[in-house]
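# have a look; sequence and predicted model below, questions after that.
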Amino acid sequence: MFKKPLSNLKTSAPLRGSDRRKLRQKVVQAYQISTEEGDLLVPEGLQSVKFLTHLEEPGTAYLAPDGRDPLWFSIGKDSDGLIPTVYTMWKHPGLLPWVSTPAAVIPKLIGGADLMIPGVVQWSPDIAEGQLVAIVQCTPDEPKRGYPLAVGYMSVSGETLQQDGKGKAVYVKHTWKDTLWDMGHGGEIPDPMTIDTLLSPQSSSRVEGDSTAPVTGTPIERSPNPESGGASGENAQSVELTPDDVSAALRSSLLQAIQTTLSKVPQSSFPVIATTFYSSNVLPSRPAFLSPYSETPIDIKHSSHKSLTAFFKAMEKEGLITLKVPKGKSGGDVVITAVNTRHPDVESHSSYTTIADIEARRKKREEREVKERSKVKEHTVTEKYKPIGSGSLRFFEECGKNTNALYTAPEIRAIINQYVQEKQLVNPREQQYINVDETLQNAMQGSDPDTQFLKRDELVHFVVGKMQSWHEITPDGKDPILKKGGLKPISVAVKIRQGRKAATLITGFEPFLLVAEDLADELRKLCASATSVSPATGKSSGQEVLVQGKHAQVVTDLLLGNGVPKKWIEVHDLSDGKKK
């Protein structure tokens, strides 16, 4: 909201004493704090200033007595909703319920992004949709958390967060270092504090059920899902890790591996070649919440050690592992001979969700989705054909068939076989060929006027090709729907639009009883991306659904889950010239 400079900024003016007291009372009631706390957060000499955001939304900011630090703000004409700024949250960290996110996500939020569900690590219990919350930075040093760095409204409930879903978690209204923050004196982020400090001792006096009141209790935790990222927004930025950052991440990965998997293996499993140990234990134990937000790969080449031997020697020096390094130029493999499960850093290590955990979850989720899809009965799709034209009508009349009826391809084949048998049209020299008489030639309506004999499959193909196409779709448990015209597969096309941005376009879904708006809403949630519905281009009278990004597999899974047979889904990847 404040990612761009404010416009139409008026000169600040002191609030009258009565107005200031009204404002203080409003804050005391809305946030259920004491009058003394209200005096601290709404001090004497408070000033107000009107402004317009870059979206032309009117707002009011309430400034500290010196006219600099914004303490509160409201958005909208005559709005009664007062939102604390980061300056106020630093004075009273427990004023709001909170959600925590990794440090790598914070720059994205400052750049104007909203916080996504996969980027939430912990949150206050019983957090509700629409609740005003503070966003804090989680730290490896449990049970500490960083000070609030952003304020926004929950777009989902805590139950939804617990489900590891996709989509937005918090609509961010204000962040550290945005233009509203820049109106004040600035300042560096205070050192992390304990959860008890964050929750604030005053929080025990909150009114039960108040939507803005912080909630005490043990915070709920989940690990962010790197498949979707932690924040969204056109100005979202990635974070570049330094070599020291990568080294620290690899060391944490080693601690994680020793504390979890390696502490359970017998000593007889050693020695292990260093490269095997690294690929089988350290790499899978990398923190899942860090990898998706970093432009820098978390591997040994990008660390300060540069080589695997140097890394393991440093870890041996700390007493975490024991090495055997070959002597002489003839060389040999460096091997890990033991790990120290009793090392203080191993015992105090705070376990986290790893890349291997996320991969295991992904595979489990895919297996579950396949199982769920198997429970969905596919629509029964039947292609039918009706005699049309003098030649086709004459053929079916001569065969004693109803010319107003619809026939499937197997039924037409059986009719042709019966006719061929009765007329003895099998070629005596080449049994796989059929002699084409005048009636069959007319049924093909000049497909190939010089043809005297054809293979049976070719004959069926030509006869069917000159008939009128119909199709019948029967959803599970519902009456069949019969329509004139041939049925085409649903097209799922990945294209590059507007420069280098990819988008997935879905067309031709209406015959399968899918509604464009419903499809767009479902994809918006599944893909956590913007979707739109518009008339399909070309001669088609249907609609098309567009979802931002490459989501062909998600779309395909959704169509299969709605009963569309796989045969009737065509995927085209036009972003790189490939077609599936």
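Looks like it arrived, so ask away.
# for the helix or strand containing Ser491, name the packing helices and strands.
Counting by DSSP states H and E, the element that carries Ser491 is strand 490-497. Helices and strands touching strand 490-497, by 3 or more CB pairs under 8 Å, 6 or more residues apart in numbering; DSSP states H and E, are strand 501-507, helix 552-561, strand 569-573. All C-beta spots, glycine's among them, are computed from the backbone N, C-alpha and C.
# list the buried ones in it?
Neighbour-count burial for strand 490-497, counted by 16 or more other CB atoms under 10 Å, picks out 490-494.
# what's the answer for stretch 332-352, then?
Residues of stretch 332-352 classed as buried: 334-336, 339-340, 343, 345-346, 349, 352 (neighbour count, 16+ other CB under 10 Å).
# and stretch 64-82, by the same measure?
For stretch 64-82, a neighbour-count test (16+ other CB under 10 Å) marks 64, 67, 69-75, 82 as buried.
# tell me, how many residues neighbour the residue lying closest to Val99 once chain neighbours are set aside?
Excluding the flanking residues, the one nearest Val99 by CB to CB, 6 or more residues apart in numbering is Trp123, at 4.2 Å. Trp123 sits with 26 neighbouring residues when counted by other CB atoms under 10 Å.
# can you tell me who Trp123 pairs with across the strands?
Under DSSP bridges, the beta-bridge partners of Trp123 are Val99, Ile220.
# picking up where we left off before, among the buried residues of stretch 64-82, which are located in strands?
Residues of those located in strands (DSSP state E): 70-75.
# remind me what the lengthiest strand in the chain packs against, helices and strands.
Of all segments of type strand in the chain, defined using DSSP E, the longest is strand 144-154. For strand 144-154, the elements it packs on are helix 86-91, strand 98-101, helix 106-110, strand 114-116, strand 132-138, strand 168-175, strand 193-194, helix 195-199, judged by 3+ CB pairs under 8 Å, 6+ apart.
# and the second one, what other elements does it pack with?
Strand 98-101 sits against strand 122-123, strand 132-138, strand 144-154, with contacts defined as 3+ CB pairs under 8 Å, 6+ apart.
# so where's the stretch 301-450 of the chain uncertain?
Residue ranges of the stretch 301-450 of the chain with pLDDT under 70: 328-331, 369, 372-374, 446-450.
# what segments of it are strands?
With DSSP state E, counting those that start in this stretch as the criterion, the stretch 301-450 of the chain has strands at 321-324, 335-339, 380-386, 407-408, 433-435.
# return the set of buried residues in the first one.
Right, strand 321-324. In strand 321-324, counting by 16+ other CB under 10 Å, buried: 321-323.
# now swap in the third one and tell me
When neighbours are counted by 16+ other CB under 10 Å, the buried residues of strand 380-386 are found to be 381, 384-386.
# now for the closest residue to Lys386 other than its chain neighbours, how many residues are close by?
Among residues not flanking Lys386 along the chain, Gln468 sits closest, at 4.4 Å (CB to CB, 6+ apart). When counting by other CB under 10 Å, one arrives at 15 neighbours for Gln468.
# picking up where we left off before, indicate which one of the helices and strands packed on strand 144-154 is closest to Gln267.
Proximity to Gln267 (CB to CB) singles out strand 132-138 among the helices and strands packed on strand 144-154, at 35.5 Å.
# what lines up beside the closest one in the sheet?
Per DSSP bridges, strand 132-138 is paired in its sheet with strand 98-101 (parallel), strand 144-154 (antiparallel).
# relative to strand 70-75, how tilted is the last one?
This points to strand 144-154. Strand 144-154 and strand 70-75 are oriented at 20 degrees to each other (axes from the mean of the first three to the mean of the last three CA atoms, to 10 degrees).
# for strand 144-154, C-alpha coordinates in PDB please.
Below are the C-alpha coordinates for strand 144-154, written out as PDB (Å, rounded to 0.1, in the frame of the first residue of the first chain):
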ATOM      1  CA  LYS A 144      13.100 -16.000  20.000                       C
ATOM      2  CA  ARG A 145      11.300 -14.000  17.300                       C
ATOM      3  CA  GLY A 146      12.200 -10.800  15.600                       C
ATOM      4  CA  TYR A 147      10.300  -7.600  16.200                       C
ATOM      5  CA  PRO A 148       7.200  -6.900  14.000                       C
ATOM      6  CA  LEU A 149       8.200  -5.700  10.500                       C
ATOM      7  CA  ALA A 150       4.800  -5.500   8.800                       C
ATOM      8  CA  VAL A 151       1.100  -5.200   9.600                       C
ATOM      9  CA  GLY A 152      -1.800  -6.600   7.600                       C
ATOM     10  CA  TYR A 153      -5.100  -8.500   7.600                       C
ATOM     11  CA  MET A 154      -5.400 -12.300   7.600                       C
END
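# buried ones in that strand, by neighbour count?
Applying 16+ other CB under 10 Å to strand 144-154 flags 145-154 as buried.
# what's the mean pLDDT across it?
Here strand 144-154 scores 86 as its mean pLDDT.
# and what of stretch 476-489?
pLDDT averaged over stretch 476-489 gives 89.
# show the end-to-end separation of stretch 56-68, please.
End-to-end distance for stretch 56-68, by CA to CA, to the nearest Å: 23 Å.
# who touches that stretch?
1, 12, 15, 23, 42-53, 69-77, 79, 82, 87, 180, 183-185 (CB atoms under 8 Å, 6 or more residues apart in numbering).
# swap in stretch 280-290?
102, 104, 119, 121, 223-226, 230, 249-250, 252-254, 256-257, 260-262, 272, 298-299, 352-359.
# mind listing what's buried in stretch 452-461?
By 16+ other CB under 10 Å, the buried positions in stretch 452-461 come out as 453-454, 458-460.
# is it possible to export these to a markdown table including distance to Lys363 and pLDDT?
Formatted as a markdown table, those follow (distance: CB to CB, whole Å; pLDDT from 0 to 100):
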| residue | distance to Lys363 | pLDDT |
| --- | --- | --- |
| Phe453 | 55 | 85 |
| Leu454 | 51 | 90 |
| Glu458 | 46 | 90 |
| Leu459 | 49 | 91 |
| Val460 | 45 | 93 |
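# which stretches of the stretch 451-580 of the chain form strands?
Here the stretch 451-580 of the chain has its strands, by DSSP E, counting those that start in this stretch, at 453-455, 468-474, 481-484, 490-497, 501-507, 531-535, 543-548, 569-573, 578-579.
# now do the third one: which elements does it pack against?
Which is strand 481-484. strand 468-474.
# contacts for the strand it packs on, please.
So strand 468-474 is contacted by 379-388, 406, 480-487, 511-513 (CB under 8 Å, 6+ apart).
# restricting to C-alpha, output that strand in CSV.
What follows is strand 468-474, C-alpha atoms only, in CSV (Å, rounded to 0.1, in the frame of the first residue of the first chain):
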residue,chain,number,x,y,z
GLN,A,468,-23.0,-36.2,-39.5
SER,A,469,-21.0,-36.1,-36.2
TRP,A,470,-22.8,-36.1,-32.8
HIS,A,471,-21.5,-36.7,-29.3
GLU,A,472,-23.0,-37.8,-26.0
ILE,A,473,-21.5,-37.2,-22.6
THR,A,474,-22.8,-39.0,-19.5
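# report the distance from stretch 74-93 to the chain centre.
Relative to its parent chain, stretch 74-93 has a centroid offset of 30 Å by CA atoms, centre = their mean, to the nearest Å.
# and what of stretch 386-394?
Relative to its chain's centre, stretch 386-394 lies at 53 Å (CA atoms, centre = their mean).
# again, but for stretch 102-119
In terms of CA atoms, centre = their mean, the gap separating the centre of stretch 102-119 from the centre of its chain is 14 Å.
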